[in-house]
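A.B. asks: Sequence and computational prediction follow.
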Amino acid sequence: MPDLRGGTRRSKRINDNQENPAAIAPTARRGTATRGRGRGRRAMNQDDNAKLVGPGACGRGGTGINLPSRPVVEKTTERLVAVEEEGSTSPLPEKVQLGNSPVYKLDRKLGKGGFGQVYVGRRISGGIGCTGADAFEVALKLEHRNGKGCSSGPPYEWQVYSDLNGCYGLPLVHYKGQLGGYYILIMDMLGPSLWDVWNSNNQMLTEEMVACIAVEAISILEQLHQKGFVHGDIKPENFLLGQPGTVNEKKLYLIDLGLASRWKEAVSGRHVDYDQRPDVFRGTVRYASVHAHLGRTGSRRDDLESLAYTLIFLLRGKLPWQGYIGENKGFLVCKKKMATSSEMLCYLCPPPFQQFLEIATNMKFDEEPNYSKLISLFIIALISIQQCALS
């Protein structure tokens, strides 16, 4: 594989030019609880007897994801401001200590999303290494107590992280608590996002790079789904690498659990019931599944469909439904997704990308994904690439 190392900065996770989540009420298609959406044809046949190779070749248990050798361009070096940006009169704390945690000084801003802001927290004294509770620097996620999702108490994301802390591919949360007018999470510091890497690599990643990302991303989703949750907002900005210069720099992480939800009930273990509320949309318009656009209850198939769009975007650099604007954008994007065949969307993409897309879009609401088969699509592609390079 090429030596494709990560960048030299921590990621600003949210790109200002990306579509933001928006509520829509498309009525272009009526859903059912059991059938997959499809692309007007059945999923491409797979060899059920093919040898399924695990994800170790690219990430989990292996050498990690190789990323571009050119440095990731820093989009901002925004410094700490005195007042929270969303109109709150509560000043941001200059220093943060939660319970028995070390004392951190707020440094530069890393990003801002729909559910809070993320800053670098620099330890005032002491500290060992780049990761863990004793690291020199951590990520501080702040959500104002009057912000959406915090009106009745701590953010919903807190409970999700409590249930999932230590899950493969998720950053560790070391402390959480309230300080002044803010709910704060103290988390492991990570590196650049896949959006940053893509944007700094001439907005194009090679087939080999994206296949490696696919292997690791599917592995992360498998572990998340096994815990009973779906992420609900899969996109390039929410996949981050480890810090450059550390042993984790080639590892992939999934962040931002603000839209995560249970596909499996915690007590009974049964699949949640199907429902459809056309006036409710959760996710990011560009990468959301059609089921999400139509207001259908989220399940495992939706994460996989969003991942398919993410991979195709990283490989091709653009999706056919980009460019819509205005209040009706969500509906128009949904309509375009439904009208775009897998052949058209994956034009010039290697076969595994179309196969993965068709499997995801043909899944039933409560169907369990065959993660090993999905991973094997890209493992086989990687083996073929490497053999061609040697010939």
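C.D. replies: Happy to help now that I have it. Residues are numbered from 1 along each chain as shown.

A.B. asks: Tell me which other helices or strands the helix or strand containing Ile359 touches.
C.D. replies: Using DSSP states H and E, Ile359 falls within helix 351-361. If contacts are counted by 3 or more Cβ pairs under 8 Å, 6 or more residues apart in numbering; DSSP states H and E, helix 351-361 sits against helix 207-226, helix 300-316, helix 342-345, helix 371-390. Where C-beta positions appear, they are placed from N, C-alpha and C, glycine not excepted.

A.B. asks: strands paired with whichever helix or strand comes after the first one, and their directions?
C.D. replies: Spelled out, it's helix 207-226. Counting by DSSP H and E, the next helix or strand C-terminal to helix 207-226 is strand 229-230. Here strand 229-230 is paired, per DSSP bridges, with strand 261-262 (antiparallel).

A.B. asks: and the strand it pairs with, how far out from the chain's middle?
C.D. replies: Mean C-alpha position of strand 261-262 versus that of the full chain (Cα atoms, centre = their mean, to the nearest Å) differs by 15 Å.

A.B. asks: Equivalent analysis for stretch 252-260, please.
C.D. replies: 6 Å.

A.B. asks: and if you look at stretch 234-247?
C.D. replies: That offset, for stretch 234-247, works out to 10 Å (Cα atoms, centre = their mean).

A.B. asks: which residues touch Arg282?
C.D. replies: By Cβ atoms under 8 Å, 6 or more residues apart in numbering, the contact list for Arg282 reads 21, 232-233, 259, 288, 292, 298.

A.B. asks: re earlier: most tightly surrounded among the helices and strands packed on helix 351-361?
C.D. replies: Most buried of those, by mean neighbour count (mean count of other Cβ atoms under 10 Å): helix 300-316, with a mean of 25.

A.B. asks: so what does whichever helix or strand comes after that helix touch, helix or strand wise?
C.D. replies: For helix 300-316, the following helix or strand on the C-terminal side (DSSP H and E) is helix 329-339. Packed against helix 329-339, as judged by 3+ Cβ pairs under 8 Å, 6+ apart, are the following elements: helix 290-293.

A.B. asks: now the closest residue to Leu357 other than its chain neighbours: how far from Gly181?
C.D. replies: Take Leu357 and drop its neighbours on the chain: the residue closest to it by Cβ to Cβ, 6 or more residues apart in numbering is Ala308, 4.3 Å away. As defined by Cβ to Cβ, to the nearest Å, Ala308 lies at a distance of 40 Å from Gly181.

A.B. asks: Report whether the expected contact of Gly242 with Ser193 is present.
C.D. replies: No. In this structure, Gly242 is not within contact of Ser193 by Cβ atoms under 8 Å, at 11.9 Å.

A.B. asks: which of these two has more neighbours?
C.D. replies: Using other Cβ atoms under 10 Å as the criterion, Gly242 and Ser193 rank with Ser193 on top: 27 against 24.

A.B. asks: Wait, the more buried one touches Leu252, no?
C.D. replies: No. In this structure, Ser193 is not within contact of Leu252 by Cβ under 8 Å, at 10.3 Å.

A.B. asks: So which bits of the worst-scoring helix or strand of the chain on mean pLDDT are buried?
C.D. replies: When each helix and strand of the chain is scored by mean pLDDT, DSSP states H and E, strand 104-113 comes last, with a mean of 89. Buried positions in strand 104-113, judged by neighbour count with 16 or more other Cβ atoms under 10 Å: 104-106, 108-113.

A.B. asks: what packs against that strand?
C.D. replies: strand 95-96, strand 116-123, strand 137-144.

A.B. asks: gap between Ser125 and Arg296?
C.D. replies: 51 Å.

A.B. asks: Now mean neighbour count too, for the helices and strands packed on strand 104-113, in a markdown table please.
C.D. replies: Output for the helices and strands packed on strand 104-113, formatted as a markdown table (neighbours: other Cβ atoms under 10 Å):
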| stretch | mean neighbour count |
| --- | --- |
| strand 95-96 | 18 |
| strand 116-123 | 21 |
| strand 137-144 | 24 |
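
A.B. asks: CSV please, covering the ones you listed and showing mean pLDDT and distance to Leu172.
C.D. replies: Shown next, in CSV, are the helices and strands packed on strand 104-113 (pLDDT from 0 to 100; distance: least, Cβ to Cβ, whole Å):
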stretch, mean pLDDT, distance to Leu172
strand 95-96, 94, 17
strand 116-123, 93, 14
strand 137-144, 94, 10
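
A.B. asks: Domain-wise, how is this protein divided?
C.D. replies: Split into domains by automatic domain parsing, the chain comes to 55-71+192-390, 95-187.

A.B. asks: which of those sits most buried?
C.D. replies: Taking mean count of other Cβ under 10 Å, domain 55-71+192-390 is the most buried of the domains of the chain, at a mean of 20.

A.B. asks: quick one: which of the domains of the chain has the weakest pLDDT on average?
C.D. replies: Mean pLDDT is lowest for domain 95-187 among these, at a mean of 90.

A.B. asks: Which residue is the nearest non-sequential neighbour of Asp188?
C.D. replies: That would be Pro171: by Cβ to Cβ, 6+ apart, it lies 4.4 Å from Asp188.

A.B. asks: Alright, calling it a day.
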